[in-house]
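Participant: here is my input; please provide its structure:
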Amino acid sequence: MRVTRSGTPAHVGTRRLREAVADPVLNYYGQSYGTLLGAIYANLFPATTGRMILDGNLNPVAWSTGNRQLPAQVRMGTPQGWAASMTAFLDLCGKASTAACAFSAGTPAATTAKWNTLLRLVSRHPVNLGSQRGTYTYADVVASVNLGQVAQWQSDARLLQQLWTASTGRHPAPSPTPSAIAPSGPPPAPPSYYTGKEQQLAIQCADSPNPRKPAAYAAAAASGTFAPASVWFLEGCADWPAAAGQDRYTGPWNRPTASTILLLANTGDPQTIYQDSVAMSRDLARARLLTVDGYGHTTGNNPSTCAINDAFQYTLTGALPAPGTVCQQNATPFPAP
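Facilitator: Numbers count the residues shown, from 1 in each chain. Have a look, this model is predicted:
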């Protein structure tokens, strides 16, 4: 379904979606990129917004009309978000015991130094963890911590420690436990539909302005440890047909909606940084921001009972949390054993 400024094709599609569930308005929950879709709908069809929850928000102005000399993810602050989350990971790990965080070196500073040393070592020589785990390059190590999901931080710290011991040669890397070995049998069947990266490029290159010169991506990728992963994927936009963006929605974002939209945001979200959710709350005409003091990408993937209860109340009754409400996240990154 193509969204246009005139709204005609999209209006037909959304009307049919509402009719299918006998709803005169659109009740909606969107995560990450889905927050942009929700914001676009709300501004194209403000009279038919129901109870809409946007979780882990993009900055709609920076995304749709920002400086095209910078890749979209750089404008959104994504590399800085990943770096800040890794800093928090190392800080919390350094304050924990090795029983709680296997990679801890006793203090935040020492644990950060240990991480930097690991990156230097693996940049010179990839680390092999055996036939079951394979070889880790520099890029693999950078991506080895799932900063978007706090529940995995403890197990990711164990992996970092395995990489550390293997890279420093202190003793052989531990063999995988039987539970870590994949069961025998044929590999799972691939999806029956195409899942190539061009699908994402077709959306991102059309929805958001990006540089037309490859050199701009090289410059942006050199800006930090986490920048290459955020930037190089979008390099395909340099040659993407410019006509693909002719129907991009660029605003306005402040049309008064029939209902107030509830926004959820983690303060330590690495992918859609908290400041982008603040921007969304200011750009929309009627929005209430519910802050979750915690880490990871979206509250849906990193639950907070407090936020869930408020979201349920809003969905069922339309009642909004009080302005300035801050909830705590359920998960503790490195719980004591």
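
Participant: ok, whichever strand or helix holds residue 291: who's next to it in the sheet?
Facilitator: Assigned by DSSP states H and E, residue 291 belongs to strand 287-295. Based on DSSP bridges, the strands next to strand 287-295 in the sheet, each with its direction, are strand 261-268 (parallel), strand 326-328 (parallel).

Participant: quick check: which of the ones you listed is buried the most?
Facilitator: For those, average neighbour numbers computed from mean count of other CB atoms under 10 Å are highest in strand 261-268, which has a mean of 25. To be clear about C-beta, it is placed using only N, CA and C from the backbone, and glycine gets the same treatment.

Participant: what separates that strand from the chain centre, distance-wise?
Facilitator: Averaging C-alpha positions (CA atoms, centre = their mean, to the nearest Å) puts strand 261-268 13 Å from its chain's average.

Participant: next one: stretch 94-106
Facilitator: Stretch 94-106 has its average C-alpha position 26 Å from the chain's average C-alpha position, going by CA atoms, centre = their mean.

Participant: going by residue numbers, what spans are helices in the stretch 1-150 of the chain?
Facilitator: Secondary structure of the stretch 1-150 of the chain by DSSP state H, counting those that start in this stretch: the helices cover 8-20, 33-44, 60-65, 72-75, 78-95, 108-124, 138-142.

Participant: coming back round to it: Serialize the strands paired with strand 287-295 to CSV and add fields for mean pLDDT.
Facilitator: Conversion of the strands paired with strand 287-295 to CSV gives the following (pLDDT from 0 to 100):
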stretch, mean pLDDT
strand 261-268, 98
strand 326-328, 98
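
Participant: would TSV of those strands with distance to residue 254 be doable?
Facilitator: Formatted as TSV, the strands paired with strand 287-295 follow (distance: least, CB to CB, whole Å):
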stretch	distance to residue 254
strand 261-268	12
strand 326-328	25
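
Participant: out of these, the one nearest residue 49 is which?
Facilitator: Go through those one by one with CB to CB and the one that ends up closest to residue 49 is strand 261-268, at 7.0 Å.

Participant: flag the shaky bits of the stretch 151-300 of the chain, pLDDT-wise.
Facilitator: In the predicted model, the stretch 151-300 of the chain carries pLDDT under 70 at residues 170-188.

Participant: show the contacting residues for residue 143.
Facilitator: Taking CB atoms under 8 Å, 6 or more residues apart in numbering, we find residue 143 in contact with residue 229.

Participant: can you read off the pLDDT for it?
Facilitator: At residue 143 the predicted local confidence, pLDDT, stands at 94.

Participant: how far away is it from residue 103?
Facilitator: Plainly put, residue 143 is 16 Å away from residue 103 if you go by CB to CB, to the nearest Å.

Participant: can you check residue 16 too?
Facilitator: 51 Å.

Participant: the two: which is more packed in?
Facilitator: When neighbours are counted by other CB atoms under 10 Å, residue 16 and residue 103 differ, and residue 103 comes out ahead with 27 against 10.

Participant: not counting sequence-adjacent ones, nearest residue to the most centrally placed residue in the chain?
Facilitator: Centrality entry for the chain: nearest residue to the mean C-alpha point is residue 271, 3.2 Å, by CA atoms, centre = their mean. Nearest residue to residue 271 in three dimensions, chain neighbours excluded: residue 297, at 4.3 Å (CB to CB, 6 or more residues apart in numbering).

Participant: quick check: buried residues in stretch 252-261?
Facilitator: By neighbour count, with 16 or more other CB atoms under 10 Å as the criterion, the buried positions of stretch 252-261 are 253, 255, 257, 259, 260, 261.

Participant: ok, the third one - contacts?
Facilitator: For residue 257, the contacting residues are 42, 43, 46, 49, 284, 285, 286, by CB under 8 Å, 6+ apart.

Participant: do the fifth one as well
Facilitator: Residue 260 sits next to 286, 287, 288, 320 when contact means CB under 8 Å, 6+ apart.

Participant: ok, and the most crowded of those residues?
Facilitator: Neighbour counts for the contacts of residue 260, by other CB under 10 Å, peak at residue 287, which reaches 22 neighbours.

Participant: and it, how far from residue 311?
Facilitator: Counting by CB to CB, the gap between residue 287 and residue 311 amounts to 14 Å.

Participant: same thing with residue 72?
Facilitator: Counting by CB to CB, the gap between residue 72 and residue 311 amounts to 28 Å.

Participant: ok so, going back, just the closest of the buried residues of stretch 252-261 to residue 23, please.
Facilitator: Distances from residue 23 to the buried residues of stretch 252-261, taken as CB to CB, are shortest for residue 259 (12.8 Å).

Participant: show me what contacts the closest one?
Facilitator: With contacts defined as CB under 8 Å, 6+ apart, residue 259 is in contact with 25, 49, 50, 51, 52, 286, 318.

Participant: again, 7 Å this time
Facilitator: The neighbours of residue 259, taking CB atoms under 7 Å, 6 or more residues apart in numbering as the test, are 49, 50, 51, 318.

Participant: which one among the residues you listed gets closest to residue 242?
Facilitator: Minimum separation from residue 242 among the contacts of residue 259 (CB to CB) is found for residue 49, which lies at 31.9 Å.

Participant: so which bits of stretch 279-299 are buried?
Facilitator: Of all the residues in stretch 279-299, those buried under the rule 16+ other CB under 10 Å are 279-281, 283-284, 287-292, 294-299.
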